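Have a look at this fold, sequence not included:
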């Protein structure tokens, strides 16, 4: 049996059934006569979840941006100082760590093909981005978040949630039985 975990999942089972044997007893001696050959049963199944790929990609991008921001900001002083620039947007170490946490959660939800996890963490990303977009002045010192960066977070959260709600998942199963 082989199994490849992830958004594209394949599984193969091979079962070999022993040949059917007819036994006859002749005055103390047992004589075995083969009646039919061995049968090999192969079962295949594959799954494809495009919504899990989207959640994992958004999580990966968020994780990388957060790691770069946290690394550039450093941990030797205040978490809100210095303000660094990543991909043209200002960040602090605190914002970088928040992005790392959400990125890891979305990456895990995508890798485990968890729709509920993608829905939850996509909604958290969207709501947090919306709060950051409309109240960017409130977070100017602690997070240094820009309104445009927060709107990108809202867009990413909406994409994750809508893909988890609307995209179909594909599954294919087949079984082949051969007599050898």
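Received it, and whenever you're ready, just let me know what you need. What you are looking at is a predicted structure, and each value in this text was computed from that prediction instead of being measured. Residues are numbered from 1 along each chain as shown.

Next, the distance between the ends of stretch 105-125.
Taking Cα to Cα, to the nearest Å as the measure, stretch 105-125 stretches 11 Å from start to finish.

what's stretch 112-131 in contact with?
6-7, 9, 47, 49, 51-52, 55, 58-59, 62, 98, 102, 105-106, 108-110, 150-161, 163-165 (Cβ atoms under 8 Å, 6 or more residues apart in numbering). To be clear about C-beta, it is placed using only N, CA and C from the backbone, and glycine gets the same treatment.

among those residues, which are in helices?
Judged by DSSP state H, the contacts of stretch 112-131 include 51-52, 55, 58-59, 62, 98, 102, 105-106, 108-110, 150-161, 163-165 as members of helices.

which among the contacts of stretch 112-131 end up buried?
Buried by 16 or more other Cβ atoms under 10 Å: 7, 9, 47, 49, 51-52, 55, 58-59, 62, 98, 102, 105-106, 108-110, 150-151, 153-154, 156-161, 163-164, out of the contacts of stretch 112-131.

Then residue 171 would be within a strand, right?
Yes. Assigned with DSSP: H, G, I helix; E, B strand; the rest coil, residue 171 falls within a strand.

ok, it - how many residues close by?
Residues near residue 171, counting by other Cβ atoms under 10 Å, number 11.

ok, it touching residue 45?
Yes. Assessed by Cβ atoms under 8 Å, residue 171 is found in contact with residue 45 at 6.9 Å.

Report the mean confidence score over stretch 128-147.
In this model, stretch 128-147 has a mean pLDDT of 88.

End to end on it, go ahead and measure it.
12 Å.

Report the buried residues of it.
128, 129, 130, 131, 132, 133, 136, 139, 143, 144, 145, 146.
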